[in-house]
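Participant: No sequence on hand, only this structure:
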């Protein structure tokens with residue numbers, strides 16, 4: 001009976017540990033190549049592949065959930081998921097509310113996309129950007145009129161229908177759009193904003209941050225992170 005009780009207790013502890021290792025990964029699912037929803041309705045992209053490998057190296061079981069960008073930080077803080085992997089650049093402003101792992105991409109150039117042949121006044125024109133992004137903050141501080149939208153698709157639509165003179169977004173996101181639409185083209189010079197992309201966590205989750213930091217560093221050390229960055233054409237490697 002004693003052995004049975006010990007075995008039962010150990011089984012309960014093992015089950016509890018397995019349950020505790022499940023981490024909910026929050027993403028937008030609307031910002032390729034970082035994250036998007038594939039034809040099977042599943043989260044896909046650079047961050048899905050990277051996140052799954054990080055979880056494997058950290059000994060965690062991860063579940064992916066999607067959330068609109070404009071509420072992605074509040075829903076992390078309130079506990080609806082445990083991390084953010086959504087192409088989120090590390091900034092001082094965000095770091096006052098949540099914590100970040102080390103960056104898993106270099107700062108990605110932001111670029112302006114406009115109608116082909118258009119002359120854009122970057123300091124006095126109307127520039128579209130997604131709400132709550134580093135690009136929106138940059139436009140707001142540049143003197144231009146900021147036109148904000150909840151989704152990246154809407155920012156592109158604003159340029160196509162003439163609401164905005166240009167859109168400012170990550171070049172990695174805009175390049176496939178420009179390649180497929182001859183009526184759109186890049187204008188002006190690229191802009192470097194932010195400190196690269198990292199994983200967002202609640203400030204209270206120091207142990208989880210430590211695990212993911214170690215996993216990210218291991219992928220930097222063995223070259224596998226650079227291989228993923230090259231595969232998904234995210235930007236500069238480490």
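Facilitator: Good, I have the coordinates. Keep in mind the model is a prediction, meaning the values are calculated, not measured.
Participant: dump the residue contacts of residue 117.
Facilitator: residue 185 (Cβ atoms under 8 Å, 6 or more residues apart in numbering). Quick note: C-beta positions are derived from backbone N, CA and C, even for glycine.
Participant: Quick check: it vs residue 185, distance?
Facilitator: 7 Å (Cβ to Cβ, to the nearest Å).
Participant: Mind listing the shared neighbours of those two?
Facilitator: With Cβ under 8 Å, 6+ apart, residue 117 and residue 185 have no common neighbours.
Participant: quick one: pLDDT of the spatially most central residue of the chain?
Facilitator: Centroid-nearest residue in the chain: residue 87, 1.6 Å away (criterion: Cα atoms, centre = their mean). Looking at residue 87, its pLDDT is 96.
Participant: And for the one 5 residues further on?
Facilitator: Predicted confidence (pLDDT) at residue 92: the value is 92.
Participant: How many neighbouring residues does it have?
Facilitator: 8 (other Cβ atoms under 10 Å).
Participant: Please apply the same query to the one 4 residues further on.
Facilitator: Counted with other Cβ under 10 Å, the burial measure for residue 96 works out to 8 neighbours.
Participant: ditto for residue 167
Facilitator: Residue 167, neighbours per other Cβ under 10 Å, totals 29.
Participant: For my notes, confirm it occurs in a strand.
Facilitator: Yes: counting by DSSP: H, G, I helix; E, B strand; the rest coil, residue 167 falls inside a strand.
Participant: Show the contacting residues for it.
Facilitator: Applying Cβ under 8 Å, 6+ apart, the residues near residue 167 are 112, 113, 114, 127, 128, 129, 155, 156, 158, 159, 174.
Participant: Please name the bridge partners of it.
Facilitator: residue 113, residue 128 (DSSP bridges).
Participant: Domains of this protein: list them as residue ranges, please.
Facilitator: 20-106+195-231, 110-191 (automatic domain parsing).
Participant: want to try CSV for these, with distance to residue 238 as columns?
Facilitator: Below are the domains of the chain laid out as CSV (distance: least, Cβ to Cβ, whole Å):
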stretch, distance to residue 238
domain 20-106+195-231, 5
domain 110-191, 16
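Participant: Of those, which is nearest residue 237?
Facilitator: Of all those, it is domain 20-106+195-231 that lies closest to residue 237, at 4.1 Å by Cβ to Cβ.
Participant: rewinding a little: any chance of the contacts of residue 167 in TSV with distance to residue 211 and pLDDT as columns?
Facilitator: Output for those, formatted as TSV (distance: Cβ to Cβ, whole Å; pLDDT from 0 to 100):
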residue	distance to residue 211	pLDDT
112	38	98
113	38	98
114	43	98
127	39	98
128	38	98
129	33	98
155	35	98
156	37	98
158	41	98
159	41	98
174	33	97
